[in-house]
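[1] structure here, sequence nowhere to be found:
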């Protein structure tokens, strides 16, 4: 089975549509949404409803920190992110806010853990950015395979039986065997707001039969996504950064 792994959609309808089209074209049979459905982007209602529809078809959906901020106004965010969250909170319908409020922080399935950030303490939303922070994840959970987002930059960490953590910078479209006994943590890039210098929407595709993960990119209509941000009178920086992938 091929599982499409999406994270950090951030209200970007155009990127979401492009990634889903690419995933379906490559034989994805199931979707996992690793959190942050909303925030930053101009189409949160559409993105939440599309996620609800995927969940009804069997998708796993995880709560991200921006989803958390919708239901917890005390959650601290940067200025631009806070402005976008306040607008998103007002824009979403009550049923959509209730859906985000009911999402789990993590889901375990067979040998896999799905979580938005560091799996050792999902509700703290700690970033995994290097070997040291990846080690905290490996030390704090037992799953052989973990998939997360939050960082907006694709990365892959491996942990040997002896506890040595190795950092891999993935190349797009190349299947990477996630072999045992090594444990793995895949940080899936962002669908709606990449920050690795590549503006194309990022996602992952895991083949459970082959035990291989590929990191994928999908070009999308950035002009339209930026126009939606501007139409909502959100900070201009949230629109311009889409073109830069920063």
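    Received the coordinates, thanks. Small disclaimer: the values here were computed from a predicted structure and weren't measured.
[2] what's the neighbour count on the closest residue to residue 221 other than its chain neighbours?
    Counting by C-beta to C-beta, 6 or more residues apart in numbering, residue 221 lies nearest to residue 14, which is 4.5 Å off, once chain neighbours are set aside. Every residue, glycine included, has its C-beta placed from N, CA and C. By other C-beta atoms under 10 Å, the residues close to residue 14 number 22.
[3] ok, now residue 43?
    27.
[4] that one touches residue 10, doesn't it?
    No - at 9.8 Å, residue 43 does not count as touching residue 10 under the criterion of C-beta atoms under 8 Å.
[5] quick one: the helices in this structure?
    According to DSSP state H, the chain carries its helices in the segments 13-25, 44-56, 65-71, 79-91, 94-101, 131-140, 222-231, 236-244.
[6] so for the first one, what gets flagged as buried?
    Buried residues in helix 13-25, defined by neighbour count with 16 or more other C-beta atoms under 10 Å: 13, 14, 15, 16, 17, 18, 19, 20, 22, 23.
[7] could I get the average pLDDT for that helix?
    Average pLDDT, helix 13-25: 98.
[8] quick one, that helix and helix 44-56 angle?
    Orientation check (axes from the mean of the first three to the mean of the last three C-alpha atoms, to 10 degrees): helix 13-25 against helix 44-56 gives 20 degrees.
[9] with the last one instead?
    Between the axes of helix 236-244 and helix 44-56, defined by the same axes, to 10 degrees, the angle is 60 degrees.
[10] please apply the same query to the fourth one.
    What separates the directions of helix 79-91 and helix 44-56 is an angle of 70 degrees, with the same axes, to 10 degrees.
[11] now do helix 79-91: everything it contacts.
    For helix 79-91, the external contacting residues (C-beta atoms under 8 Å, 6 or more residues apart in numbering) are 11, 38-41, 44-45, 66, 69-70, 73, 77, 97, 232-235, 237-238.
[12] again, only using 10 Å
    When contacts are defined by C-beta atoms under 10 Å, 6 or more residues apart in numbering, helix 79-91 is touched by residues 10-11, 37-45, 47-48, 65-71, 73, 75-78, 96-97, 100, 229, 232-238, 241.
[13] quick one: low-confidence parts of this protein?
    Within the chain, no range satisfies pLDDT under 70.
[14] picking that back up, mutual contacts of residue 43 and residue 10, please.
    16, 192, 225.
[15] one step back: among the buried residues of helix 13-25, which one sits closest to residue 196?
    residue 15 (14.3 Å; C-beta to C-beta).
[16] gap between stretch 129-136 and the chain center?
    For stretch 129-136, the separation from the chain centroid amounts to 18 Å (computed by C-alpha atoms, centre = their mean, to the nearest Å).
[17] brain fart, stretch 156-171
    Once both centres are worked out by C-alpha atoms, centre = their mean, stretch 156-171 turns out to sit 20 Å from its chain's centre.
[18] which parts of that stretch are buried?
    Neighbour count says stretch 156-171 has 156, 157, 158, 159, 165, 170 buried, by 16+ other C-beta under 10 Å.
[19] before we move on, what about stretch 144-153?
    So stretch 144-153, judged by 16+ other C-beta under 10 Å, has buried residues 145, 146, 147, 148, 149, 150, 151, 152, 153.
[20] do the same with stretch 196-213
    For stretch 196-213, using 16+ other C-beta under 10 Å, the buried residues are 196, 198-207, 211-213.
[21] put together TSV for the buried residues of helix 13-25, with distance to residue 108 on each row.
    What follows is those, written out as TSV (distance: C-beta to C-beta, whole Å):
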residue	distance to residue 108
13	30
14	32
15	28
16	25
17	29
18	29
19	24
20	25
22	27
23	22
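[22] identify the bridge partners of residue 206.
    With DSSP bridges as the criterion, residue 206 is bridged to residue 3, residue 213.
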